[in-house]
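In: Fold the following, please.
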Amino acid sequence: MSSKSTGYLDPEVHGRFDRRNTVFYRRGIFTGFEHLRPDILDPGEPELLEMAEVRASWTLHDNYPGAFRDTPLGSRKLIHNHAPFRYEFASPGAAAENISEVAERFGASLVGITELDSRWLYSHECSGNPVALPEKAVWAVVMAVEMDRACISRSPDFSAAAEIGRGYSKMAALAGAIGEYIRILGYYARSCGNDTALSIPLAMDAGLGVLGRNGLLLTREFGPRIRICKVITDLELVQTPNEYPASEEVCSGCTLCAEACEVNALSRSESPTWEILTESNNPGVYRWQFNPERCFDFWLEIGRDCSNCIAACPASFKLRKLMK
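Out: Numbering: from 1, shown residues only. The predicted model follows:
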């Protein structure tokens, strides 16, 4: 298929990314976060309230097994992981409209649909298992959940870290519900968070935004202040057009995210590059350089997520002007 994001690729170099090469897997995501245990704080310390909120924000994401999977749970024992019939929509367009409306009712701030470009699938998951999907599962419903501006603006405080966790828990509820909805209609559906496929290029193909200097999806509505999940399905849908300008139109001349980064993990160069810095960067992608190791080491140092680059980004204001 023709993909909006393929203009950023060198097909001679680019290949499917192995999720085991992410900094989270190679460094061990929980290593260094031991002090997020509430039991080590004095019960009278005000910080305990903030830490408790951060830990609680991840509850649904970390404990809802139906969030990211391709089979139903609970008392509904559907044949072959989906209903023994298929609801027949009037057209792929009608199906796309229905799925988008239902996704919004379940909490999606943005919804886009794209034909699945197999290059965005991971080659392997963190478990070492190869990523493979049913042959006819060639559509992706990509959804974004807004994060609260006021909370994110206080990064790297605990209140911003808690908003990150709430975003992931909302992803779990949303992706789990939409996957189950599609399966109940008789179709295959795999609910995904950060697993299975790269979310940002899928979101670009689905018309939700453009890749930014900070390595995140920039949207007209919220800038990078979102979390992305997706459902991959064999239900035939229709492609959402991408009307976003190129990354350079949005980010060239602006280095606010790089200036806000306390460990210089983001590039301040005028233009993107083909060069990579670490194993966490997939070769053959034209983008601004990003050093995930520096970023993640800072997380470990402060004991929570950092969203400084998100809080500083003015892309939503610029995109509204560019896309009038």
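
In: for this structure, what helix or strand is lowest in average pLDDT?
Out: helix 23-27 (a mean of 80; mean pLDDT, DSSP states H and E).

In: Now do that one: everything it contacts.
Out: With contact meaning Cβ atoms under 8 Å, 6 or more residues apart in numbering, helix 23-27 is reached by 19-20, 126, 278-280, 292-293, 295-296, 300. Using the backbone N, CA and C atoms, a C-beta is placed for each residue, glycine as well.

In: out of these, which are buried?
Out: Neighbour counting over the contacts of helix 23-27 (16 or more other Cβ atoms under 10 Å) leaves 19-20, 126, 280, 292-293, 295-296 as the buried ones.

In: out of those residues, which are inside strands?
Out: Among those, DSSP state E puts none in strands.

In: what are the bridge partners for the most centrally placed residue in the chain, then?
Out: Compute the mean C-alpha point of the chain, and by Cα atoms, centre = their mean the closest residue is I228, 3.3 Å away. Assessed by DSSP bridges, I228 has beta-bridge partners A144.

In: Which residues are in contact with it?
Out: Here I228 is in contact with 142-145, 171, 199-200, 202-203, 208, 217 (Cβ under 8 Å, 6+ apart).

In: rewinding a little: need the contacts of helix 23-27 in a markdown table (columns: pLDDT and distance to P84).
Out: Converted to a markdown table, the contacts of helix 23-27 look like this (pLDDT from 0 to 100; distance: Cβ to Cβ, whole Å):
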| residue | pLDDT | distance to P84 |
| --- | --- | --- |
| R19 | 92 | 34 |
| R20 | 91 | 38 |
| C126 | 88 | 34 |
| T278 | 90 | 48 |
| E279 | 90 | 46 |
| S280 | 90 | 44 |
| P292 | 93 | 45 |
| E293 | 93 | 49 |
| C295 | 95 | 48 |
| F296 | 91 | 46 |
| L300 | 85 | 49 |
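
In: Just name the closest of those residues to E53, please.
Out: L300 (20.0 Å; Cβ to Cβ).

In: Give me the pLDDT for the nearest residue to E53 once chain neighbours are set aside.
Out: Residue nearest to E53 in three dimensions, not counting chain neighbours: A162, with 4.4 Å by Cβ to Cβ, 6 or more residues apart in numbering. On the pLDDT scale, A162 is placed at 95.

In: If you tally nearby residues, what's the number for A162?
Out: 23 (other Cβ atoms under 10 Å).

In: now it: how far from M51?
Out: Separation of A162 from M51 (Cβ to Cβ, to the nearest Å): 9 Å.

In: cool, F17 as well?
Out: For F17, the distance to M51 - Cβ to Cβ - is 33 Å.

In: Mind telling me what element the residue nearest to E53 is part of?
Out: A162 is part of helix 158-184 when elements are defined by DSSP states H and E.

In: same check, this time on R320
Out: Following DSSP H and E, the helix or strand that holds R320 is helix 315-322.
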